[in-house]
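> Based on what follows, work out the 3D shape:
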Amino acid sequence: MRIKEGFQLRTICGENIIVATGFKNIDFSKIISLNESATLLWKGLLDRDFEVEDMVKLLTDEYEVDEATARKDAEAVVKQWQEIGLI
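Down below sits the predicted model:
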């Protein structure tokens, strides 16, 4: 998997959001807001190929969370990002 080009992480009023750059990515019907752990994943995965295992490692290295919980969360993020076209 890979995060698609044309999206950038911005912090606006203390909120981490993903903004689309370029006309082909513009869809003003959705604002993509990221919580702290999703922001960690975004920063750690940007500009490289990755698998769920990479996400699990990022989460377990940063937070006191077991591998099963990290995997469940990572898989949920992948599903969400796929549904909205980020990856």
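> Spell out the residue ranges of the strands in the protein.
According to DSSP state E, the chain carries its strands in the segments 7-12, 15-20, 32-34.
> What is the distance between the shortest one and the centre of its chain?
The one in question is strand 32-34. With CA atoms, centre = their mean, to the nearest Å as the basis, strand 32-34 stands 8 Å off its chain's centre.
> next one: the second one
On the basis of CA atoms, centre = their mean, strand 15-20 sits 10 Å off its chain's mean C-alpha point.
> how about the helices of the chain, start to end?
When secondary structure is read from DSSP state H, the chain shows helices at 36-45, 52-62, 67-83.
> Kindly present the strands of the chain as CSV, with separate columns for mean pLDDT and distance to A68.
The C-beta positions use only the backbone N, C-alpha and C, and glycine is treated the same way. Output for the strands of the chain, formatted as CSV (pLDDT from 0 to 100; distance: least, CB to CB, whole Å):
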stretch, mean pLDDT, distance to A68
strand 7-12, 88, 28
strand 15-20, 87, 26
strand 32-34, 88, 23
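> would JSON lines of those strands with mean neighbour count and distance to E75 be doable?
JSON lines is the format used below for those (neighbours: other CB atoms under 10 Å; distance: least, CB to CB, whole Å):
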{"stretch": "strand 7-12", "mean neighbour count": "13", "distance to E75": "21"}
{"stretch": "strand 15-20", "mean neighbour count": "16", "distance to E75": "19"}
{"stretch": "strand 32-34", "mean neighbour count": "16", "distance to E75": "17"}
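> a markdown table for these, including distance to V78?
Below are the strands of the chain laid out as a markdown table (distance: least, CB to CB, whole Å):
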| stretch | distance to V78 |
| --- | --- |
| strand 7-12 | 15 |
| strand 15-20 | 15 |
| strand 32-34 | 14 |
